[in-house]
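Student: below is the sequence, then the predicted model.
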Amino acid sequence: EADIYQTPRYLVIGTGKKITLECSQTMGHDKMYWYQQDPGMELHLIHYSYGVNSTEKGDLSSESTVSRIRTEHFPLTLESARPSHTSQYLCASSEFATRRTGELFFGEGSRLTVL
Amino acid sequence: GNSVTQMEGPVTLSEEAFLTINCTYTATGYPSLFWYVQYPGEGLQLLLKATKADDKGSNKGFEATYRKETTSFHLEKGSVQVSDSAVYFCALLNYGGSQGNLIFGKGTKLSVKP
């Protein structure tokens, strides 16, 4: 069973608020990811990190930001939430050698609703 | 570039029916191929994988064969159960590109009725 945790699972918030979605993993994985999942279930990579102090933008442009100060922790922040940010956000991690295994471990997701 | 195309859903089957979810890919070189599954209210998890041509991945009664000649990796199960209801994602990993990130298809939702 994967040891990757996301909080909160559900969040309803008003426009303009700052929010942080937390993601932690206890597997010692170097690489971590944030995906945005739209209602049609399609996944969009918005951020990833190769390790501490590394952050990269993914394929889909996002107004969110991420940080990687500790290996196990990869929070995502929205400075000013808008209704267009309403979505499911999935965090994942993998060994750096994912090139060989391709196995990502996913959290259960954070469902954000912005009113 | 690299891309994955899978059949659109939703797919609705009766219990014990045969399942096929089609997946084709475009990639240079020799990618590895994967099927991930997302059960309701959960994150994705790896279902099976194949790393080279003609390899067959299998798990939980599901199978998929890496066909380089047809650039396909179709998912099959001989007899589905209600508990197989989920969203299935085909994915590829091309060592030479995409910064080592998986390329996912759009997902196919499967509903199995008793």
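Tutor: Perfect, thanks for sending it. Bear in mind that the values here come from a model prediction, so they are computed numbers and not experimental data.
Student: when you work out contacts or count neighbours from here on, use the C-alpha atoms and nothing else.
Tutor: Noted.
Student: and B:Gln45, what does it touch?
Tutor: A:104-106, B:36-38 (Cα atoms under 8 Å, 6 or more residues apart in numbering or on different chains).
Student: mind putting the residues you listed into JSON lines with distance to A:Asp3?
Tutor: Putting those into JSON lines (distance: Cα to Cα, whole Å) gives the following:
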{"residue": "A:Leu104", "distance to A:Asp3": "12"}
{"residue": "A:Phe105", "distance to A:Asp3": "8"}
{"residue": "A:Phe106", "distance to A:Asp3": "9"}
{"residue": "B:Tyr36", "distance to A:Asp3": "17"}
{"residue": "B:Val37", "distance to A:Asp3": "17"}
{"residue": "B:Gln38", "distance to A:Asp3": "16"}
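Student: which of these tops the neighbour count?
Tutor: Neighbour counts for those were taken using other Cα atoms under 10 Å in any protein chain shown; the highest belongs to A:Phe106, which has 27 neighbours.
Student: so the closest residue in space to that one that isn't next to it in sequence, which state does it fall into?
Tutor: Leaving out its chain neighbours, the residue that sits closest to A:Phe106 by Cα to Cα, 6 or more residues apart in numbering or on different chains is A:Ala92, at 4.2 Å. State at A:Ala92, reduced to three classes by DSSP: H, G, I helix; E, B strand; the rest coil: strand.
Student: contacts only, for A:Ala92.
Tutor: Per Cα under 8 Å, 6+ apart, neighbours of A:Ala92: A:4, A:32-35, A:104-107.
Student: what is it paired to in the beta sheet?
Tutor: Beta bridges link A:Ala92 to A:Tyr33, A:Phe106 when assigned by DSSP bridges.
Student: residue contacts, the residue positioned nearest the centre of chain A?
Tutor: Among the residues of chain A, A:Trp34 comes closest to the average C-alpha position under Cα atoms, centre = their mean, at 2.9 Å. Under the criterion of Cα under 8 Å, 6+ apart, the contact list for A:Trp34 reads A:45-48, A:76, A:89-92.
Student: near chain B, which residues of chain A are found?
Tutor: Remark: the part of chain A in contact with chain B comprises A:41-43, A:90, A:98-99, A:102-109, using Cα under 8 Å from any Cα of the partner chain.
Student: pLDDT and secondary structure for the residues you listed - can I get that in JSON lines?
Tutor: As requested, these are arranged in JSON lines below (pLDDT from 0 to 100; DSSP: H, G, I helix; E, B strand; the rest coil):
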{"residue": "A:Met41", "pLDDT": "89", "secondary structure": "coil"}
{"residue": "A:Glu42", "pLDDT": "91", "secondary structure": "coil"}
{"residue": "A:Leu43", "pLDDT": "93", "secondary structure": "strand"}
{"residue": "A:Leu90", "pLDDT": "96", "secondary structure": "strand"}
{"residue": "A:Thr98", "pLDDT": "56", "secondary structure": "helix"}
{"residue": "A:Arg99", "pLDDT": "55", "secondary structure": "helix"}
{"residue": "A:Gly102", "pLDDT": "74", "secondary structure": "coil"}
{"residue": "A:Glu103", "pLDDT": "86", "secondary structure": "coil"}
{"residue": "A:Leu104", "pLDDT": "91", "secondary structure": "coil"}
{"residue": "A:Phe105", "pLDDT": "93", "secondary structure": "strand"}
{"residue": "A:Phe106", "pLDDT": "94", "secondary structure": "strand"}
{"residue": "A:Gly107", "pLDDT": "96", "secondary structure": "coil"}
{"residue": "A:Glu108", "pLDDT": "95", "secondary structure": "coil"}
{"residue": "A:Gly109", "pLDDT": "95", "secondary structure": "coil"}
